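Novice: return a 3D structure for these sequence lines:
(chains A and B)
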Amino acid sequence: MKKIKNPAYWLITILLLLLFVFANDIALAIPLKETYQLKKIELNKYNEFAKNFDLKIESIYTKQDIFITTEISGYALIQPDQASPNKAIKLVFSSDDKRYEVDASIIDRFNLNSLYRNKGIVGINHGFITRFSPLKMENGVYKLYIYCYENENTIGFMDTNRYFEKTYRTFKEVKK
Amino acid sequence: MNKKNLVLSILSVVCVILFPCFFLYLQNTGIAIFSDFLNVAGKFLLVGLSLLGLSYLIFRKIEKAALFSNVTLLFLLYFALIEKAIVDKFPMLYYWHIALICLFLIFQIGYLIYNKVNLKLANQINQVFLFIFAGLILFNGIISVPKVLQAASNKPQEETHENVEQANVVNNDPQKELPNIYYFIFDEYAGFDSIQRYCNYDNSAFFDTLEDMGFVVSRHSLNYTNDTYTEIPNLLQLNRINSPSMTKADKQSTASNPFLLQLMKEHGYTINVLDMYSFIDLAVVDLYWDPHFVTTHGSLESYVVKNTFYYPFYDLDGYDREIRHRLNAFKYSEESSKMADSNLFTLGMFWFPHEPFIFDENGNKTNDADHSNLRDIEPYLAQYKYASKKIIELATEIIKNDPNSIIILQSDHGYRYPDFLKNLYGIDIYDMDVESLYMRNILNAVYYQGQNIDIDNYSGINTLRTVLNKLLNANFELIEQPK
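Specialist: Numbering: from 1, shown residues only, chains lettered A, B, ... in the order given. Model (predicted):
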């Protein structure tokens, strides 16, 4: 059999093979509009902030696109006594041996005024929404936690008691 | 360049690229619209010929360029099928892996064609492509002939003008002040019996609320068929002009300038139309809802593209737009009640709560997997409940703004669950003769300035005739009730 000596042929073939090997990392690193990236974190990260606070997961929506883009929204607040302009909320998915986090956008929630008024909450920036691809996660069942940062002194990390199962093709809430 | 080879090469690419369009169009003869076919075929042809042009720049021989184009097109056009076959065996692979595998194969084949395949062999393989794909197009064309002939023999009946004379509805006083009329048709909104039977859902609260608002409600009304493109044009013609066996285009054409709108115009009404189906010729109306939105859901193009490599990028925000589209339609309908004090005829034809099932019962968007899930009742029921809320909101707003008006709420047919199971999923567990009654059980409610009007068990057409008789002192005879 005659050997192929064209260097361009080998260059393209090797390039395609390399792309194939790192395809997941490359595809999931593409910045998509209004979509956050899931990051793997240490298993005990945020545990020191464990406390209960007001939170609600209001909607979970999974698209059947190639990234299985998942959108989760709700609100979370730790009764701050002052406005929290640097408020941050993260969603943390945790299994027995893996933990992942994803950022969320903070949104103003005027319709929660009655709740805030009753509890004397300052500010309205307590809603959140995030969109992310769960493909980076290893397959398995994950519990959802919410990390909520109001200010340096007011930080919480709370178990939502909701579980999600990730497979190669799906990411959905499951009962446990 | 050999002219014969040039023609053969181009023809082979044309047949390969157009086969999916022809296949879907011919398989759906009578349902698919020819202009949709031309639109999608034109785009595909452009892609195919562009690829051929680019390939020619590389290969410099039309035979080789056509062969490479044909092979590449096979990967591009049937990408989703290739992906499914590979992913079934290797679930850890995703779209991008399959795209790279295809790219790798295309590159290898291209290299082979460039270096190893002579012009004669390339030409022979192109002939095989031409023979196979032209043959498939021809074969599908031949087997669709009986459907074309059947559809052609079912033309709409010409009955409209008899109605005008018989009903004595010629208006002698077009200046007369008449109450505003709001006529809304909600596609696939199940009647009382229909939703009870298939979803075990008692919708009494909805009908009771309408009655409390002053509506007269007929819970057991039926229409004549469970086909939207038959029923809506017939409702607008006030007669049974269309039949289910006609082509979609023929059915649609009978609604472009329907008798109902002509009649209302003749009586001095301003015609205000919200049309999610493009039934009505907008040239014949005075005001209309312009959504700047063309749905791709269920279009011929969407079905053709669904199998290609382009499928993940096709109409990315389509369902978000569908959601906004429906909410805007309700908003426009509510606003219509502030447009005029009298003589406004608003016709709203809502593709809702028909699938796609994009709302849950609280109006939140549903998961993509539910959008076309016709096998389970839950997605329909959730959207149905939300539709009920929106209909009550709409009626409340109209009565608040325009209490002296007439509001007619109807659907074209009920929930066609047995039909979906049988025709889409091959589950034949219902006796369709029995179920036909339930699948045709419609929403039928009339608010006639808060007055009583007898529409009990009337079909949609007979309800309209009854309302018009009362309003215009006309003499429309009731047509035979559905059985």
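
Novice: tell me which element the residue lying closest to residue B:240 once chain neighbours are set aside is part of?
Specialist: Of all residues not flanking residue B:240 in the chain, residue B:234 sits nearest, at 5.3 Å (CB to CB, 6 or more residues apart in numbering or on different chains). In short, each C-beta sits where N, CA and C put it, glycine included. Secondary structure assignment for residue B:234, by DSSP states H and E: helix B:228-237.

Novice: give the other helices and strands that the next helix or strand after that helix contacts.
Specialist: Downstream of helix B:228-237, the first helix or strand assigned by DSSP H and E is helix B:248-253. In this structure, helix B:248-253 makes packing contacts with helix B:228-237, judged by 3 or more CB pairs under 8 Å, 6 or more residues apart in numbering or on different chains; DSSP states H and E.

Novice: now for the helix it packs on, which elements pack on it?
Specialist: Using 3+ CB pairs under 8 Å, 6+ apart, helix B:228-237 is in contact with helix B:248-253, helix B:259-266, helix B:460-472.

Novice: how far does the shortest one sit from the chain's center?
Specialist: Okay, so that is helix B:248-253. Relative to its chain's centre, helix B:248-253 lies at 12 Å (CA atoms, centre = their mean, to the nearest Å).

Novice: how about that helix: buried residues?
Specialist: Using 16 or more other CB atoms under 10 Å in any protein chain shown as the test for burial, helix B:248-253 gives B:248, B:250-253.

Novice: break down chain A into its helices, ranges please.
Specialist: Taking DSSP state H to define them, one finds helices in chain A at A:7-21, A:23-29, A:113-119.

Novice: list the contacts of the last one.
Specialist: Right, helix A:113-119. Contact with helix A:113-119 is made by A:54, A:77, A:79, A:121, A:123-124, A:126, as judged by CB atoms under 8 Å, 6 or more residues apart in numbering or on different chains.

Novice: then that helix to PDB, C-alphas only?
Specialist: Taking Å, rounded to 0.1, in the frame of the first residue of the first chain, the C-alpha atoms of helix A:113-119 are listed here in PDB:
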ATOM      1  CA  ASN A 113     -42.600  43.400  48.200                       C
ATOM      2  CA  SER A 114     -45.200  41.900  50.500                       C
ATOM      3  CA  LEU A 115     -42.900  39.300  51.700                       C
ATOM      4  CA  TYR A 116     -40.100  41.800  52.200                       C
ATOM      5  CA  ARG A 117     -42.400  44.200  54.100                       C
ATOM      6  CA  ASN A 118     -43.500  41.600  56.500                       C
ATOM      7  CA  LYS A 119     -39.900  40.600  57.300                       C
END
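
Novice: tell me who's in contact with residue A:17.
Specialist: residue B:104.

Novice: swap in residue B:11?
Specialist: If you count contacts by CB under 8 Å, 6+ apart, then residue B:11 has B:130, B:134 around it.

Novice: now for the residue nearest to residue B:240, how many residues are close by?
Specialist: For residue B:234, the count of nearby residues is 28 (other CB atoms under 10 Å in any protein chain shown).

Novice: pretty sure it contacts residue B:241?
Specialist: Yes: if you go by CB atoms under 8 Å, residue B:234 and residue B:241 touch, sitting 5.8 Å apart.

Novice: picking that back up, contact partners of the helix holding residue B:234?
Specialist: For helix B:228-237, contacts defined as CB under 8 Å, 6+ apart pick out B:159-160, B:185, B:187-188, B:223-225, B:240-244, B:246, B:248, B:251-252, B:254-255, B:258-261, B:277, B:279, B:347, B:349, B:354, B:410, B:412-413, B:460-461, B:464.

Novice: filter the residues you listed to the buried ones?
Specialist: Buried residues within these, counting neighbours by 16+ other CB under 10 Å: B:160, B:185, B:187-188, B:223-225, B:240-243, B:246, B:248, B:251-252, B:254-255, B:258-261, B:277, B:279, B:347, B:349, B:354, B:410, B:412-413, B:460-461, B:464.

Novice: which secondary element of the chain has the worst mean pLDDT?
Specialist: No chain in the question, so chain A it is. Here the helix or strand of chain A ranked lowest by mean pLDDT, DSSP states H and E is helix A:113-119, holding a mean of 70.

Novice: chain B, not that one
Specialist: Within chain B, no helix or strand scores below helix B:160-167, which has a mean of 52 by mean pLDDT, DSSP H and E.

Novice: what's the first helix or strand after that helix?
Specialist: Sequence-wise, the next helix or strand downstream of helix B:160-167 (DSSP H and E) is strand B:181-186.

Novice: just the angle for that following strand relative to helix B:259-266, thanks.
Specialist: Strand B:181-186 runs at 160 degrees relative to helix B:259-266, counting by axes from the mean of the first three to the mean of the last three CA atoms, to 10 degrees.

Novice: tell me the pLDDT of residue B:247.
Specialist: If you check residue B:247, the pLDDT there is 86.

Novice: give me the distance between it and residue B:230.
Specialist: According to CB to CB, to the nearest Å, residue B:247 and residue B:230 sit 11 Å apart.

Novice: with residue B:85 instead?
Specialist: For residue B:85 relative to residue B:230 (CB to CB), the value is 39 Å.

Novice: so for those two, which residue has more residues nearby?
Specialist: Using other CB under 10 Å as the criterion, residue B:85 and residue B:230 rank with residue B:230 on top: 24 against 12.

Novice: so where is the chain shaky, pLDDT-wise?
Specialist: Using chain A. Scanning chain A for pLDDT under 70 picks out A:1-2, A:4, A:80, A:116-117.

Novice: not what I meant, chain B
Specialist: Applying pLDDT under 70 to chain B flags residues B:1, B:151-152, B:154-175, B:292-295.

Novice: kindly report the residues of it close to chain A.
Specialist: Where chain B comes near chain A, counting by CB under 8 Å from any CB of the partner chain, the residues are B:87, B:91-92, B:94-97, B:100-101, B:103-104, B:107-108, B:111, B:312, B:316, B:364-369.

Novice: so which of the residues you listed belong to helices?
Specialist: Using DSSP H, these in helices are B:87, B:95-97, B:100-101, B:103-104, B:107-108, B:111, B:368-369.

Novice: out of the residues you listed, which are buried?
Specialist: B:87, B:95-97, B:100-101, B:103-104, B:111, B:368.

Novice: mind listing what the spatially most central residue of chain A touches?
Specialist: Closest residue to the average C-alpha location of chain A: residue A:102 at 2.8 Å, with CA atoms, centre = their mean. By CB under 8 Å, 6+ apart, the contact list for residue A:102 reads A:36-39, A:90-91, A:93, A:130, A:132.

Novice: one more time with 10 Å
Specialist: Going by CB atoms under 10 Å, 6 or more residues apart in numbering or on different chains, residue A:102 touches A:35-39, A:70, A:72, A:90-93, A:130-134, A:136.
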